[in-house]
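Asks: Got a predicted structure here, sequence first:
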Amino acid sequence: MKKNILSPSLLAVDFSKIGDTLQTLERNNVEYIHLDVMDGIFVPNISFGQPLIKSLRNKTNLIFDTHLMIKDPERYIESFIKAGSDIITIHIESTFFVKDVLQKIRSCGAKAGLSIKPNTKPESVVPYLEYCDMILVMTVEPGFGGQKLIPETLDNIKKIKEIADSSGYNIDIEADGGIDSSNIELVKESGANIIVAGSSVLGKSDITAAIKALGF
Ligand code: DX5
Ligand code: ZN
């Protein structure tokens, strides 16, 4: 059994207080911070990019779990790793060169993740398992924080878990979108071991209580 890891999404933070918030996370023994990069093309929203990530790198030892929701991510892998990303996840729907990009991420020294949107078939990851350290299953349509988890995506997590287990590779399964105290148990039971939570952690005024409410 893999241990469960919380990866709070920075998207929900009060951006004027990022430094303090990262310290609060570290005090609560959080190990990951999920960084949602959106380009306004692959998803209909723009968030932040390498300069913000770089500016946080010397403020915290948290593992930078970077989720690229950008078209043709092959253009930017090196720069996100230089900025300090430890894990880079790309979308299977975002590039023609999935295998090459995953290999590039690893060859630059980061862990490689592959993500599927809610309507993408879980089986589509099968050709890429040997190049993946993590599969990120979207539990909402990517693009915005604060949405409701789509219940059918739990079946995608279950299927990915089966696929990952039978592959023999050591692959983490991350679930992302709409996760809160009402559904986190279902998400974990479905097979995810890394839990992204934006609104239900950094969107709350008492972050310590919010982390506890999720069972971490
Ligand atoms: C959605 C992002 C998520 C999102 C999570 O496109 O990938 O990481 O910020 O936020 P909540 O937990 O509020 O759904
Ligand atoms: Zn995300």
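Replies: Yep, that arrived. Numbers count the residues shown, from 1 in each chain. Ligands and ions are numbered 1, 2, ... in the order given.
Asks: Kindly provide the distance from residue 66 to residue 49.
Replies: Residue 66 sits 10 Å away from residue 49, going by Cβ to Cβ, to the nearest Å. Heads up, the C-betas are built off the backbone N, CA and C, glycines and all.
Asks: Kindly apply the preceding question to residue 117 instead.
Replies: Using Cβ to Cβ, residue 117 is found at 21 Å from residue 49.
Asks: Kindly report the same for residue 39.
Replies: Computed as Cβ to Cβ, the residue 39 to residue 49 distance reads 8 Å.
Asks: do the same with residue 76
Replies: 8 Å.
Asks: which ones are touching residue 200?
Replies: Residues near residue 200 by Cβ atoms under 8 Å, 6 or more residues apart in numbering: 179, 180, 181, 210, 213, 214.
Asks: Just give me the closest of the residues you listed to residue 140.
Replies: Ranked by distance to residue 140 (Cβ to Cβ), those are led by residue 179 at 9.3 Å.
Asks: Find the residue closest to that closest one in space, skipping its chain neighbours.
Replies: With sequence-adjacent residues excluded and distances taken as Cβ to Cβ, 6 or more residues apart in numbering, residue 179 is closest to residue 197, at 5.0 Å.
Asks: Give me the neighbour count for the one you found.
Replies: 29 (other Cβ atoms under 10 Å).
Asks: Please, where are all the strands along the protein?
Replies: Here the chain has its strands, by DSSP state E, at 5-8, 32-38, 63-69, 87-91, 111-116, 134-138, 172-176, 194-197.
Asks: Could I get those in CSV, plus columns for distance to residue 54 and mean pLDDT?
Replies: Output for those, formatted as CSV (distance: least, Cβ to Cβ, whole Å; pLDDT from 0 to 100):
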stretch, distance to residue 54, mean pLDDT
strand 5-8, 19, 98
strand 32-38, 11, 99
strand 63-69, 10, 99
strand 87-91, 14, 99
strand 111-116, 19, 99
strand 134-138, 22, 99
strand 172-176, 23, 99
strand 194-197, 22, 99
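Asks: would you turn these into TSV with distance to ligand 2?
Replies: Shown next, in TSV, are the strands of the chain (distance: least, Cβ to the ion, whole Å):
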stretch	distance to ligand 2
strand 5-8	9
strand 32-38	4
strand 63-69	4
strand 87-91	8
strand 111-116	8
strand 134-138	7
strand 172-176	4
strand 194-197	5
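Asks: What residues does the protein have near ligand 2?
Replies: For the chain, the residues in contact with ligand 2 (Cβ under 5 Å from the ion) are 36, 67, 176.
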